[in-house]
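J.: Coordinates only, no sequence provided:
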C-alpha cells in the first residue's frame with residue numbers, strides 16, 4: 001500500500017505544481033502548458049498574471065519546468081544538477097530580469113524587474129533559491145561562483161564570436 005503524496009513544504013508546492021503540469025505517462029501525453037491558454041490558466045490559478053503570454057513564453061516556461069524536473073530528479077539521486085538544466089535556469093533568470101536584494105535585516109530576496117510571465121518565472125525561481133539557499137553567505141558564494149562561470153563562458157565564446165562582447169570586453173563580477 002502506498003502512502004498518499006504529502007504536500008511540498010511551504011511555497012515549494014507551487015514549484016511541484018509547475019513540474020507536474022506535464023504527465024510523464026506517455027500513453028496519456030497530457031500537458032497543461034501546451035499553449036498560451038494553458039499557461040494563462042495555470043498562472044492565474046496560482047496567483048500570477050500571464051494575460052500577455054506569447055508562444056515564446058510558453059516554450060520558455062516549459063523549458064524551465066523540464067530543467068526543474070531534472071534538478072528535482074538529480075536532488076533525489078544526490079547527483080549534481082545536469083549542466084543543460086543549470087544553463088536553462090540561468091537563461092530563464094536572465095530573461096526574467098532577476099536581481100538579488102540584500103535588504104536590511106537577516107534575509108535576502110530575489111526581485112523581478114518584470115511583470116507578467118517574466119515576473120512569474122522570477123517568483124518561481126525565488127521559491128527554488130530560498131529552498132536551496134537558506135543561508136545568505138552560501139547563496140552569495142554560489143551567486144558569485146555562477147557569475148564567474150558565466151564570465152568564463154562568455155570569454156570563451158567571444159573568441160569565435162567577438163560580437164558577443166561588442167564594445168564591452170571587461171569580464172567582471174560586480175556586487176552593488
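T.: In hand now; what should we look at? Every value quoted in this text rests on a predicted model; they were computed, and no experiment measured them. Numbering: from 1, shown residues only.
J.: Could you list which residues are in contact with the closest residue to residue 34 other than its chain neighbours?
T.: Spatial nearest neighbour of residue 34, chain neighbours left out: residue 58 (7.9 Å); criterion: C-beta to C-beta, 6 or more residues apart in numbering. Using the backbone N, CA and C atoms, a C-beta is placed for each residue, glycine as well. Contacts for residue 58 (C-beta atoms under 8 Å, 6 or more residues apart in numbering) come out as 33, 34, 35, 36, 38, 39.
J.: So what's the residue count around the second one?
T.: Translated: residue 34. Neighbour count of residue 34, defined by other C-beta atoms under 10 Å: 14.
J.: How about the fifth one?
T.: Using other C-beta under 10 Å as the criterion, residue 38 is surrounded by 18 other residues.
J.: same check, this time on residue 125
T.: 20.
J.: Can you pull out the residues in contact with whatever helix or strand it lives in?
T.: Assessed by DSSP states H and E, residue 125 sits inside helix 116-132. Here helix 116-132 makes contact (C-beta under 8 Å, 6+ apart) with 9-12, 14-15, 18, 39, 43, 48-54, 57, 60-61, 64, 68, 71, 89, 92-93, 95-98, 109-112, 114, 139.
J.: Just the buried residues out of these, in ChimeraX syntax.
T.: In ChimeraX, this line selects whichever of these come out buried by 16 or more other C-beta atoms under 10 Å:
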select :14,15,18,39,43,48,50,53,57,60,61,64,68,71,89,92,93,95,96,98,110,112,139
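J.: ok, for residue 40, nearest residue in space, not its chain neighbours?
T.: residue 50 (4.8 Å).
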